[in-house]
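Asker: Based on what follows, work out the 3D shape:
(chains A, B and C)
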Amino acid sequence: MKWAVVVFPGSNCDDDAVAAIRRLGDDSVEKVWHLERDLSAYDAIVLPGGFSYGDYLRSGAIARFSPAMQGVQEAALQGKLVIGICNGFQVLTEAGLLPGALLRNDNLQFRCEMVRLTVRNNTSPFTAGYEVGQTLSVPIAHGEGRYFADEQTLLELERNHRIAFEYETNPNGSVRNIAGILNERGNVLGMMPHPERAVANWMGSEDGLQLFASMRRYAKEAIHVG
Amino acid sequence: MAEPTAEQIRDNQIYRQMGLTDSEYERVVARLGRLPNYVETGLFGVLWSEHCSYKSSRRYLKQFPTSGPQVLQGPGENAGVVDIGDGIGIAFKMESHNHPSAIEPYQGAATGVGGILRDIFTMGARPIAFLNSLRFGSLEDAHTRYLFGNVVAGIGGYGNCVGIPTVGGEAVFDDVYRDNPLVNAMCVGVLPADKIVKGTASGVGNPVFVVGSRTGRDGIHGATFASAEDPHEKERSAVQVGDPFLGKLLMEACLELIETGAVVGIQDMGAAGLTSSSAEMASRAGGGIELFLDKVPVRENGMTPYEMMLSESQERMLVVMEKGKEQLAFDILAKWGLQIGEIGRVTDDGMLRLWFHGEQVAEVPVKLLVDDAPVYDRPVAAPQEAPAKHVPLPNADVNLKDALLGLLAHPSIADKRWIYRQYDTTVKAATRVGPGSDAAVVHVPGTDRAVALACDGNGRYVYLNPRKGGAIAVAEAARNIVCTGGTPLAITNCLNFGNPEKPEIMYQFAEATAGMSEACLALNTPVVSGNVSLYNESRGKDIFPTPVIGAVGVVEDERYVTPSSFLQTGSAVILVGPDDDALDGSLFWQQQAGQAAGDAPRFDLDEEVRVQRFVHTLIRKRLVRSAHDVSEGGLAVALAEMCIDGGMGLQVEVAEARDDANHRLGWLFSEAQSRVCLEVRAEDVERVLEEAKALGVPAAVLGVTGGFTLTVRDGRGTWLEVSVSELKDVYRKTLQEAMDRPVSQAG
Amino acid sequence: MKVWDVEVKVWLKPSVFDPQGNAVEQALATLGHDGVSNVRVGKNLSLTVQAPDEAAARAKVDVMCQTVLCNLVIETYSFTIQERTAEAAV
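Answerer: Here you go, the predicted structure:
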């Protein structure tokens, strides 16, 4: 299986994502510079955390125009796996691959702490390794993580089980405690918490590892079947 | 507007506005053999400033021990480097940004972080951690809340964006810092031990580049301003805006450029910008440098050579490349979308020579600018009497529980979560122990090792007894490294003092640095880098003399990592170190008296060495579950902190029953040094006590962990009993409640 | 007491580097929007103020700008002011 971790100017969790994936085995993981347009060689794409373009203007607003995002659009259309973590989630909403937007935290401060997440969906390629209702410990680190969407969109997300994770205690004012959502097809996930920072006991939690493991299982089976 | 002529500068004493005294100007004229022109006078003004030349402090800094087998790079470069084994070097340095932060707290703090970051990657090291040390006035004051809130936001704003975790630090609140807060930032990086890059401009004919951001009129005169009294009265546009996004790109670009092996030397253009970077790089090589200033990429029109040389625009580096490898630099900088200008070349005639549109605008010997800066032996005078001589003795008639809760609610002691949850503490996924412990522990990528990092300094102790206080600062930083499972290797420091032109301030400086040196020698922690910040006074009032120590240790095996809070119920808790019931220098006495009181706390360097060695050995024998050093607030606060973070109680039985209120107060709140609380398995108690005896280290069992209260009693009765949840509540809510109150921008 | 509608503009002083404006300007160029320069990002605040006359209203806003809304170390400001008429005050 081949993973791509897209690096935008200002990405800073790219190495962490690579390291987390490497813990799973000997998959190929490549950091791909944002000018790369063709991502067809990869089975899964990670848009990592960070401050692409300094998060100036709006988080993710400039990165979404990167050539690599065309490759991401195509991969998403083809049903390949795309995960956006933190800033990656913001890029995905700006690019329209996921609905809603991420606004400044309601406390107006950057927040970094371990939070408890509740798994709300376990049928997606990302969450299949968890149980619905299971709680996970995963750190957050963001200043603009307040998920917002209109009522209609929220209903739609609820109805189609597209809310992947909820905060047990809301750290940023996200509507309906939303921490992560899926696209309609279930192959694109955006989440504010950092699963790549919860992959070893000494990090305080290894609950994030299962997410990458699920993606891997799914992609390997799909490759096999396909 | 025409620049003044050399004669006008002399006749109208314009050099004074540029930071030179009459005698310094005369020294320039005498050594140069002619009158300096405007640009040249500006060069001397900044390079001979206190900030760049260390002219008041230099003779004292020389006494610091700076070498040892673990030292790969001592002072004199952009950062120090120590060897942690396995061919890995750790580069680190701390720097102050006090005056800019008093004026514009967000940007002042942010650019401080950016500057120290560049000092680290300049060495060829990939930054892995930030720490910081902060001093503010009382949070009762609305302007202090404004400064504090914005400094924290600024540190986070820069550090979070560049993606380096902020893993530790300290914050102390005392009225003496009201008009002169201290903002000291430390950065730590990792590099191959044999690939240290220096800030040297060598190799005649090698090209010189300025890379990163464009040059604008930011902070002209910033370097002289940083060393001048009372920031509020100074030119207010002298504050720069940091760009962490550009800083991150610059870091990646420079590390990539260094990786090519074609970089001869590289240096941050920090204070005094192009002037200090070019002169210092040429000075280190013992050569000269020639710059063509019309080639500098600029942001504003009509910039003069003077403005370009003194600009403090952020996120710029001066790079010397091997001749013929220029294209590598152009390609890499283009990839990262950054500016690059080839602005000069290395020469061998020992001159700093500046050209502008084909005309020579300055020619000054590098040696005169850098090495021949004046060195002052300023008058030193001990105060007539001890500073706290007339403070009334502590009143022993207090409720002990209230006293403990009062200390836990003091912002200097209370939980610092309000601060550090605004920092990204876990990016890089290598933080083993983050903020809130005695020291932070960060995993070193690609190894089984980790580094332990701590920041410490207690200005109150130094004020009360500069020599002892200086030594304590070093000892406490090293002790924190030991308690967390590390082996202390070396230190960096920020020496924050008042006005050096006052003999009693120079006395503090002389004594404190002497005390630091003694402790560094005894603890085998040489000084490998550092920074001096003088003139920390406002409206004639000086701060506490505040040397801040940044210590680095190695954790050779990650199993040695030791938490600072109780892990299990039923453990024995042992106090290692001397018994003491004197309240000298304690926060308790200060709270009661309304000012620092007594002498600095008990401290004996030999005792300190033995205690640290003992705890270090015990941890390596895996006999310690948790360890926490006794510091501000004394033993009672140390034990309460172990209970709060561990979520369990402790039942203490004081061995010697005495019906003496002063003894109780002292037992609970003395800040006597060289003391560590250890949590050990019940079955290991005897062994631990025996080993302590063998090494001549005092050690005694205090009690057993467990229950829901912290209880202290002796044979005659209970001294205090307080539930852990009550301790926790007070400890946790203090900063939040203080910062929920309104702020005021006006000072 | 009259009511005044105020629009305050706060932006970095011209000589102060604007990282946001710089990043936006570069992105615009990358995306093919040629000939764009001097991008600066600032803040816009709208508020209403009660004051007996325009001079008093202006003085009030000036004080707010200088002490709270703007950090004169790096920022500068300007504002427009208009009396709220009956129909505008719906």
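
Asker: rest of the way, CA atoms for contacts and neighbours
Answerer: OK.

Asker: so which helix or strand takes in A:L136?
Answerer: Using DSSP states H and E, A:L136 sits in strand A:135-142.

Asker: Alpha carbons of that strand, in PDB - could you do that?
Answerer: The C-alpha atoms that make up strand A:135-142 are tabulated as PDB, following Å, rounded to 0.1, in the frame of the first residue of the first chain:
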ATOM      1  CA  THR A 135     -14.200   6.600  24.000                       C
ATOM      2  CA  LEU A 136     -10.700   7.500  22.800                       C
ATOM      3  CA  SER A 137      -8.000   9.800  24.200                       C
ATOM      4  CA  VAL A 138      -6.600  11.900  21.500                       C
ATOM      5  CA  PRO A 139      -4.800  15.300  21.800                       C
ATOM      6  CA  ILE A 140      -6.100  18.500  20.200                       C
ATOM      7  CA  ALA A 141      -3.900  21.500  19.300                       C
ATOM      8  CA  HIS A 142      -5.700  24.200  17.400                       C
END
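
Asker: Note down every partner strand of the helix or strand following it and its orientation.
Answerer: Toward the C-terminal end, the helix or strand that comes next after strand A:135-142 (DSSP H and E) is strand A:146-148. Strands flanking strand A:146-148 in the sheet, each with its direction: strand A:101-103 (antiparallel) (DSSP bridges).

Asker: May I see the buried residues of the partner strand?
Answerer: Neighbour-count burial for strand A:101-103, with 16 or more other Cα atoms under 10 Å in any protein chain shown as criterion, is recorded at A:101-103.

Asker: got it, and stretch A:139-148?
Answerer: By neighbour count on 16+ other Cα under 10 Å, the buried set for stretch A:139-148 is A:139-148.

Asker: Include pLDDT when you put those into a markdown table, please.
Answerer: Output for those, formatted as a markdown table (pLDDT from 0 to 100):
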| residue | pLDDT |
| --- | --- |
| A:P139 | 98 |
| A:I140 | 98 |
| A:A141 | 98 |
| A:H142 | 97 |
| A:G143 | 96 |
| A:E144 | 95 |
| A:G145 | 96 |
| A:R146 | 95 |
| A:Y147 | 96 |
| A:F148 | 93 |
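
Asker: can you tell me which of those residues lies nearest to A:G25?
Answerer: Using Cα to Cα, A:P139 is the member of the buried residues of stretch A:139-148 that lies nearest A:G25, at 23.5 Å.

Asker: Identify the residues contacting the closest one.
Answerer: With contacts defined as Cα atoms under 8 Å, 6 or more residues apart in numbering or on different chains, the neighbours of A:P139 are A:112-115, A:193-195, A:197-198, B:426.

Asker: surely B:W719 meets B:D402?
Answerer: No. Proximity of B:W719 to B:D402 does not meet the contact threshold set by Cα atoms under 8 Å, at 11.6 Å.

Asker: Give the residue from the two that has the larger number of neighbours.
Answerer: In this comparison of B:W719 against B:D402, neighbours counted by other Cα atoms under 10 Å in any protein chain shown, the higher total goes to B:W719 at 19 against 12.

Asker: what about the more buried one, distance to chain C?
Answerer: Taking Cα to the nearest Cα, to the nearest Å as the measure, B:W719 falls 49 Å from chain C.

Asker: Got the phi and psi for that residue?
Answerer: For B:W719, the backbone dihedrals are phi -80, psi -50 (criterion: degrees, to the nearest 10).

Asker: Then B:P547?
Answerer: phi -70, psi 130.

Asker: Now for the nearest residue to it once chain neighbours are set aside: which residues touch it?
Answerer: By the measure of Cα to Cα, 6 or more residues apart in numbering or on different chains, the closest residue to B:P547 outside its immediate chain neighbours is B:L495, 4.3 Å from it. For B:L495, the contacting residues are B:530-534, B:546-548, taking Cα under 8 Å, 6+ apart as the criterion.

Asker: helix or strand for B:L495, which one?
Answerer: B:L495 belongs to strand B:487-496 when assigned by DSSP H and E.

Asker: Dump the contacts of A:P139 to JSON lines, plus distance to B:R31.
Answerer: Shown next, in JSON lines, are these (distance: Cα to Cα, whole Å):
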{"residue": "A:C112", "distance to B:R31": "56"}
{"residue": "A:E113", "distance to B:R31": "59"}
{"residue": "A:M114", "distance to B:R31": "62"}
{"residue": "A:V115", "distance to B:R31": "65"}
{"residue": "A:P193", "distance to B:R31": "62"}
{"residue": "A:H194", "distance to B:R31": "61"}
{"residue": "A:P195", "distance to B:R31": "63"}
{"residue": "A:R197", "distance to B:R31": "59"}
{"residue": "A:A198", "distance to B:R31": "62"}
{"residue": "B:T426", "distance to B:R31": "53"}
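
Asker: Tell me if stretch A:19-27 is near chain B.
Answerer: No. Among the residues of stretch A:19-27, none lie within reach of chain B under Cα under 8 Å from any Cα of the partner chain; the closest is 8.9 Å away.

Asker: who touches that stretch?
Answerer: Applying Cα under 8 Å, 6+ apart, the external contacts of stretch A:19-27 come out as A:1-3, A:29, A:196-197, A:199, A:209, A:212-213.

Asker: Pick the one among those residues closest to chain C.
Answerer: Taking Cα to the nearest Cα as the measure, chain C lies nearest A:W3 of the contacts of stretch A:19-27, at 27.3 Å.

Asker: how about the helices in chain C?
Answerer: In chain C, the segments counted as helices under DSSP state H are C:19-30, C:54-64.

Asker: What about contact with chain B: does the last one have any residue there?
Answerer: So that's helix C:54-64. No. Counting by Cα under 8 Å from any Cα, chain B has no neighbours in helix C:54-64; the shortest distance is 10.8 Å.

Asker: buried residues in that helix?
Answerer: Of the residues in helix C:54-64, those buried (16+ other Cα under 10 Å) are C:54, C:57-58, C:61-62.

Asker: Likewise for the longest one?
Answerer: Buried positions in helix C:19-30, judged by neighbour count with 16+ other Cα under 10 Å: C:19-28.
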